[in-house]
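[1] when you get a sec, could you give me coordinates for this:
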Amino acid sequence: MPDISINFAGIKSPNPFWLASAPPTNSGYQIMKAFDAGWGGAVWKTLGVPVVNVSSRYGGVNYRDKRLVGFNNIELISDRPLADNLREIEEVKKRFPNHAVIASLMVQTRQEWHDIVRQSQDAGADGFELNFGCPHGMCERGMGSAVGQEPKVLQMIVEWVMEVAKKPVIVKLTPNISDITEPAMAARRGGADAISLINTIQSIVGVDLDQFAPYPIVDGKGSNGGYCGPAVKPIALNMVKNCAQHPDIKLPISGIGGIENWRDAVEHILLGASSVQVCTAAMHFGFGIIREMTSGLEQYMVEKGFNTIYDMVGKALPNVLHWEDLNMKYKVTANIHKDKCIGCQLCYTACEDGAHQAIKLNADTRVPEIIEENCVGCNLCSLVCPVEDCITMDRTDDGTQHLTWKERTEAGTAPTEFNDEKAGGRHHWVPEPSAALGKERHKTLPGKARLYSGETVLPTEA
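    Okay, here's the model as predicted:
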């Protein structure tokens with residue numbers, strides 16, 4: 001079996017799966033329960049001056065039959081006395097000495113940072129995560145994302161912490177910024193040992209249409225909160241990639257955002273993370289999800305021949321290019337497999353109304369047909385198709401040519417004028433605008449045949 005243990009900036013754990021600083025890590029009871037289930041580490045719910053929270057605190061985004069695709073919270077840091085948390089950190093470390101216990105911290109003054117770092121250190125914490133990401137409540141007090149959005153302030157506080165820290169320091173970054181590499185660089189300049197990202201995204205997940213207030217509602221009012229869950233994974237992956245690819249950051253990354261199963265975790269690792277943190281999935285499904293995560297990760301590593309986590313870290317980064325460096329000669333065309341088609345014609349509607357009018361309907365069958373000369377290989381039809389592998393995107397170029405936008409620009413073959421003949425959209429058929437109106441409009445609806453033989457043949461009036 002592969003070795004899935006990690007040494008993250010000097011913090012060791014039996015596997016890369018950590019619970020993120022959040023409600024699931026609010027107490028020693030919860031963290032011990034998680035470790036007993038198989039989690040490798042936990043970042044304690046952020047410690048500082050205890051807060052008073054409101055009720056209610058959470059909001060969700062459901063999509064069709066999937067609950068909590070997105071999750072929103074307006075909960076703040078720990079509302080428990082610091083002494084209680086420190087006592088429980090010490091107890092957890094005694095019972096689970098080989099698991100990672102990281103103290104998430106958020107205070108204000110230099111002296112407060114020195115004091116809480118020393119106390120957490122004395123309690124046995126394996127490291128510290130500086131919470132510079134919280135986008136609600138705490139940022140209004142000059143902490144959280146208010147620090148994460150100011151690289152100079154972030155660097156200064158990291159330097160304060162490094163004056164007394166004897167354990168690894170992780171800086172948790174806010175995604176509520178235009179370029180996440182700027183605070184990451186500030187963390188490095190301050191002397192941080194690692195970074196973690198992303199924290200939650202400032203959001204409003206919905207508005208009650210009767211009370212006219214955003215969710216979650218507190219006595220008829222609401223506030224913006226922090227957004228997380230499966231829906232934020234694409235944003236998190238991109239920001240992890242940005243930091244991993246930056247030539248001057250060169251810090252271990254703990255990936256956070258939308259991790260619900262082993263595949264999500266592997267995606268973060270392939271883009272540069274060497275540990276991953278989970279919150280929403282644990283809140284939704286409980287600590288037991290770790291069994292599928294660890295077994296799935298191990299099986300994937302066996303199949304790919306990876307012996308350690310570090311064989312995988314950043315494996316996908318060489319394939320992440322700027323758009324201008326992509327091969328414009330690469331060509332795929334949609335292929336509808338008739339034996340799998342159920343005749344829903346979603347692909348036709350999507351292509352007709354939302355893409356390039358590259359699918360036609362035949363009068364004698366409900367199975368659509370690709371107009372190959374009009375197909376640009378955009379993938380939309382395959383993405384909306386409800387049947388797995390019914391529509392595949394098949395390569396149709398011969399693989400011998402390679403040309404990028406950068407090369408076209410340098411060669412002077414890129415469009416430079418408003419009506420340039422070199423533009424791609426001038427070289428495929430587009431219906432006349434009038435064909436969409438009046439008595440001819442019915443030809444675009446599912447179940448109605450549109451004939452194609454090089455030109456549009458309009459149906460006759462019934």
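[2] residues in contact with residue 414?
    By C-beta atoms under 8 Å, 6 or more residues apart in numbering, the contact set of residue 414 is 405, 408, 422. In this view, the C-beta of every residue, glycine as well, is placed from N, C-alpha and C.
[3] was I right to think the last one contacts residue 413?
    Yes. Using C-beta atoms under 8 Å, residue 422 is in contact with residue 413, at 6.2 Å.
[4] which of the contacts of residue 414 fall in strands?
    Judged by DSSP state E, strands contain none of those.
[5] lowest-confidence one in those?
    Of all the contacts of residue 414, residue 422 has the smallest pLDDT value, namely 88.
[6] ranges for the helices of the protein?
    For the chain, the helices defined by DSSP state H cover 28-37, 82-95, 110-122, 145-148, 151-162, 181-190, 233-245, 262-270, 280-285, 290-304, 346-354, 380-384, 405-411.
[7] which of these sits most buried?
    Counting by mean count of other C-beta atoms under 10 Å, helix 145-148 has the highest mean neighbour count of these, with a mean of 26.
[8] report the backbone C-alpha coordinates of that one in PDB.
    These are the backbone C-alpha positions of helix 145-148, laid out as PDB (Å, rounded to 0.1, in the frame of the first residue of the first chain):
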ATOM      1  CA  SER A 145     -10.000  39.400   5.900                       C
ATOM      2  CA  ALA A 146      -9.300  43.000   6.800                       C
ATOM      3  CA  VAL A 147      -5.800  41.800   7.400                       C
ATOM      4  CA  GLY A 148      -5.700  39.400   4.500                       C
END
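[9] surely residue 125 touches residue 89?
    Yes. Residue 125 is in contact with residue 89 according to C-beta under 8 Å; the separation is 5.8 Å.
[10] residues touching the nearest residue to residue 346 once chain neighbours are set aside, list them.
    For residue 346, ignoring the flanking residues on the chain, the nearest one in space by C-beta to C-beta, 6 or more residues apart in numbering is residue 384 at 4.9 Å. Contact analysis of residue 384 by C-beta under 8 Å, 6+ apart lists 346, 347, 350.
[11] below-threshold pLDDT in the stretch 351-462 of the chain: ranges please.
    Counting by pLDDT under 70, the stretch 351-462 of the chain contains low-confidence ranges at 427, 438-462.
[12] strands of that one, start to end?
    Remark: strands assigned in the stretch 351-462 of the chain by DSSP state E, counting those that start in this stretch are 359-360, 369-370, 391-395, 451-452, 456-457.
[13] now residue 272, nearest residue through space, not along the chain?
    Leaving out its chain neighbours, the residue that sits closest to residue 272 by C-beta to C-beta, 6+ apart is residue 244, at 2.5 Å.
[14] so how far is residue 333 from residue 72?
    41 Å (C-beta to C-beta, to the nearest Å).
[15] higher neighbour count, these two?
    Higher neighbour count among residue 72 and residue 333: residue 72, with 27 against 19, using other C-beta atoms under 10 Å.
[16] how close does the more buried one sit to residue 214?
    9 Å.
[17] give me the common contacts of those two.
    Shared contacts of residue 72 and residue 214 (C-beta under 8 Å, 6+ apart): 59, 204, 205.
[18] just the buried ones from those?
    Applying 16 or more other C-beta atoms under 10 Å to the shared contacts of residue 72 and residue 214, the neighbour count classes 59, 205 as buried.
[19] how about JSON lines for the shared contacts of residue 72 and residue 214, with distance to residue 327 and pLDDT added?
    Output for these, formatted as JSON lines (distance: C-beta to C-beta, whole Å; pLDDT from 0 to 100):
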{"residue": "59", "distance to residue 327": "43", "pLDDT": "96"}
{"residue": "204", "distance to residue 327": "41", "pLDDT": "96"}
{"residue": "205", "distance to residue 327": "39", "pLDDT": "96"}
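[20] nearest to residue 393 among the shared contacts of residue 72 and residue 214?
    residue 205 (33.5 Å; C-beta to C-beta).
[21] re earlier: show the model's pLDDT score for the residue nearest to residue 272.
    pLDDT recorded at residue 244 is 98.
[22] what residues are up against it?
    Applying C-beta under 8 Å, 6+ apart to residue 244 gives the contacts 253, 271, 272, 273, 314, 317.
[23] out of the residues you listed, who's the most crowded?
    Neighbour counts for these (other C-beta under 10 Å) peak at residue 273, which has 32 neighbours.
[24] averaging pLDDT per element, find the lowest-scoring helix or strand in this protein.
    Counting by mean pLDDT, DSSP states H and E, the chain has its least confident helix or strand at strand 451-452, which shows a mean of 40.
[25] wait, residue 74 touches residue 223, no?
    Yes. Using C-beta under 8 Å, residue 74 is in contact with residue 223, at 5.6 Å.
[26] of these two, which one has the most company?
    The neighbour count for residue 74 versus residue 223, taken as other C-beta under 10 Å, is higher for residue 74 (22 against 14).
[27] which residues does the more buried one contact?
    Contacts for residue 74 (C-beta under 8 Å, 6+ apart) come out as 54, 57, 58, 136, 137, 216, 218, 223, 224, 225, 226.
[28] mind doing that once more with 7 Å?
    Contacts for residue 74 (C-beta atoms under 7 Å, 6 or more residues apart in numbering) come out as 54, 57, 136, 137, 216, 223, 225.
[29] can you tell me which two in those are farthest apart?
    137 and 216 (13.0 Å).
[30] ok so, going back, what sits in contact with each of residue 125 and residue 89?
    Counting by C-beta under 7 Å, 6+ apart, the residues touching both residue 125 and residue 89 are 101, 103.
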